[in-house]
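Engineer: my questions are about this predicted structure, shown below with the sequence.
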Amino acid sequence: PPPATHPVANLLLAGCLPVGMHEGKREGAYYVLVGGEAHETQGVEPRSKRELMHTSLTYVASAYDKLRKAGVPRDRIITIVQLKDYLEAHEDGKYPKTMYLKECARLIKEGGADYDYKMVCPSTVWRVMLGLKDEKHPKVVPREKGKIRSVTLAIYSHGDSHPAVRTERADEEKKTETRAGIDTNLMGPPVEKPHLDPLKHEWFVHMPYPNQDKEIGSQMLSFVATDGATNAGKCRNNPPCYLYATQLRAIFCSIFAADPNRPVVALLNYCRSGGGIEFLRRPNTRKLLGANNWPLFLMSSCQASHDALVGGLWVTWFENLSKKIPRISQSTSQKSDETLESLFVEAKKSYHVENRYEVKDLVKTFAFPSIFDQMDRNKVAVRYDTDLANVIAASVDGSPDYKLVEKMQQDQKIG
């Protein structure tokens, strides 16, 4: 059956259960946590040129901590993130190092990141996911067919896209790079970002360092349309530092070719991460790849042309997952009504509810009550804000309840 109908226990939680409770010969679930950053902000030398804060480090550490508290064994979690690399750049006893030491305490205590410094690069993710072990990559996901129950890949970083073919940077292409509040009226609506043709663009996630395995790195880039990066501008023109959606797709193809029944769960949490799931929306592409039969559950934190919220889906996904693990692992049977789809729905609802102010503020940039100039402006503004807050995440899945929105609209019209 497709991954959405698999019990969560069968896909993700077997690694927490006693050995005698495993069905068949497959070992438990593996988790690969990746924390990326742009090379321009966290990979340049000397370190004094790097940004003060490291966006992804605390999120990877938090996910690691949640998984460990929930009972996932340390050897089933593989971390790829700049831990020591970042901490060594800051002075002892002072902020921000003191904060990061606290946030990453468990990860540090249990040996630190599995891959740190310059090993935080695209080729490391490639080798780890495909089980290509060597002296520099000792900890990888087992490659053998039928050996493990599932693998979860979670990536937190920055992301973007560039044209597939080199062009002079057209006005339409420049529009897609503009962020809300930049080159626009701060009080006006957010920038409209047109849909990008998935056949004419490459999406990617930033990594702080270029491929350290030169042979693998060359192979990884050989089938990606990188020519368009040449004139794409800063933070979009450094392909060796990017893990492309095209490469992730190749990773999935290789995994399922080697082990067709190994479920893969992937969380892409970065700006424009929706570009990484575009291929699943194209029937012909799915048919060509054989993806209709893949046990793949792929999530993105935003659409292909939009930016992700800080924390994004990452926080609510791992929060909800970590709550499920102990409940199922303490039962006497692996049978459970919990499904991956139900877990995702809960995480999505939490995401909508916890970030409802973002949607509320967005709505207010586009629409305001017509009675605003007819009554006390302050009272109207307060009432409008309150009413919006009550309906903006009122549906079962945390999205807007449009019947309540319609009622509110009528109420606002008549004052």
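Structural biologist: All right, it came through fine.

Engineer: low pLDDT regions in the chain?
Structural biologist: The chain contains residues with pLDDT under 70 at 1-26, 168-194, 329-337, 414-415.

Engineer: which residue is nearest the middle of it?
Structural biologist: With the centre of the chain defined as its mean C-alpha position, the nearest residue by Cα atoms, centre = their mean is Asn269, 1.6 Å away.

Engineer: assess the claim that it and Val315 are in contact.
Structural biologist: No - counting by Cβ atoms under 8 Å, Asn269 sits too far from Val315 to count as a contact (9.1 Å). (C-beta placed from N, C-alpha, C; glycine too.)

Engineer: where do the contact lists of these two overlap?
Structural biologist: Both Asn269 and Val315 are contacted by Tyr59, under the criterion Cβ atoms under 8 Å, 6 or more residues apart in numbering.

Engineer: tell me who's in contact with Ala63.
Structural biologist: Counting by Cβ under 8 Å, 6+ apart, Ala63 makes contact with 33, 154, 314, 318.

Engineer: so where do the strands sit in the stretch 1-150 of the chain?
Structural biologist: 27-35, 77-80, 148-156 (DSSP state E, counting those that start in this stretch).

Engineer: pull up the pairing partners for the first one, direction included.
Structural biologist: This means strand 27-35. strand 77-80 (parallel), strand 148-156 (parallel) (DSSP bridges).

Engineer: please work out which of those is packed deepest.
Structural biologist: strand 148-156 (a mean of 25; mean count of other Cβ atoms under 10 Å).

Engineer: distance from that one to the middle of the chain?
Structural biologist: Computed by Cα atoms, centre = their mean, to the nearest Å, the chain-centroid distance of strand 148-156 equals 12 Å.

Engineer: do I have it right that Asp387 meets Gln412?
Structural biologist: Yes - the criterion here is Cβ under 8 Å, and Asp387 meets it with Gln412 at 7.2 Å.

Engineer: is it true that Ile108 touches Leu83?
Structural biologist: Yes - counting by Cβ under 8 Å, Ile108 touches Leu83, with 7.1 Å between them.

Engineer: now the residue of the chain positioned farthest from its centre: how far from Ser56?
Structural biologist: Residue farthest from the centre of the chain, counting by Cα atoms, centre = their mean, is Gln374 at 45.5 Å. Noted for Gln374: a distance of 49 Å to Ser56, by Cβ to Cβ, to the nearest Å.

Engineer: what is the burial count for Asn231?
Structural biologist: By the measure other Cβ atoms under 10 Å, the count of residues near Asn231 is 15.

Engineer: now Leu130
Structural biologist: Neighbours of Leu130 (other Cβ under 10 Å): 17.

Engineer: also Val363?
Structural biologist: Val363, neighbours per other Cβ under 10 Å, totals 16.

Engineer: that one in helix, strand or coil?
Structural biologist: helix (DSSP: H, G, I helix; E, B strand; the rest coil).

Engineer: grab the nearest non-local neighbour of it.
Structural biologist: Leu388 (6.2 Å; Cβ to Cβ, 6 or more residues apart in numbering).

Engineer: OK, contacts around the one you found?
Structural biologist: 360, 363-364, 408.

Engineer: who wins on neighbours among the residues you listed?
Structural biologist: Met408 (19 neighbours).

Engineer: residues in contact with the nearest residue to it once chain neighbours are set aside?
Structural biologist: Ranked by Cβ to Cβ, 6+ apart and with sequence neighbours excluded, the top spatial neighbour of Met408 is Asp387, at 4.8 Å. By Cβ under 8 Å, 6+ apart, the contact set of Asp387 is 408, 411-412.

Engineer: what about Tyr59, distance to Val205?
Structural biologist: Distance from Tyr59 to Val205, by Cβ to Cβ: 14 Å.

Engineer: who's more crowded, those two?
Structural biologist: Relative neighbour count places Val205 above the other of Tyr59 and Val205, with 30 against 24, counting by other Cβ under 10 Å.

Engineer: can you pull out the helices in the stretch 251-400 of the chain?
Structural biologist: Using DSSP state H, counting those that start in this stretch, the helices of the stretch 251-400 of the chain run over 283-289, 312-329, 340-354, 356-366, 377-391.

Engineer: most tightly packed of these?
Structural biologist: helix 312-329 (a mean of 21).

Engineer: out of the strands of the stretch 1-150 of the chain, the one nearest Leu404 is which?
Structural biologist: strand 148-156 (33.6 Å; Cβ to Cβ).

Engineer: the following helix or strand past the closest one pairs with which strands, parallel or anti?
Structural biologist: Scanning forward in sequence from strand 148-156 by DSSP states H and E, the next helix or strand is strand 159-163. The pairing partners recorded for strand 159-163 under DSSP bridges are strand 201-206 (antiparallel).

Engineer: next one: the partner strand to chain centre, how far?
Structural biologist: The answer for strand 201-206 is 13 Å, by Cα atoms, centre = their mean.

Engineer: contacting residues around it?
Structural biologist: So strand 201-206 is contacted by 36-39, 155, 157-164, 224-226, 228-229, 235, 239, 241-246, 268, 270, 272-273, 275-276, 278, 304 (Cβ under 8 Å, 6+ apart).

Engineer: output it as PDB, nothing but the C-alphas.
Structural biologist: Extracted as PDB, the C-alpha positions of strand 201-206 are listed here (Å, rounded to 0.1, in the frame of the first residue of the first chain):
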ATOM      1  CA  HIS A 201      14.200  25.500 -13.300                       C
ATOM      2  CA  GLU A 202      16.400  23.600 -10.800                       C
ATOM      3  CA  TRP A 203      15.500  23.800  -7.100                       C
ATOM      4  CA  PHE A 204      18.200  23.300  -4.400                       C
ATOM      5  CA  VAL A 205      19.000  23.400  -0.700                       C
ATOM      6  CA  HIS A 206      22.100  25.300   0.500                       C
END
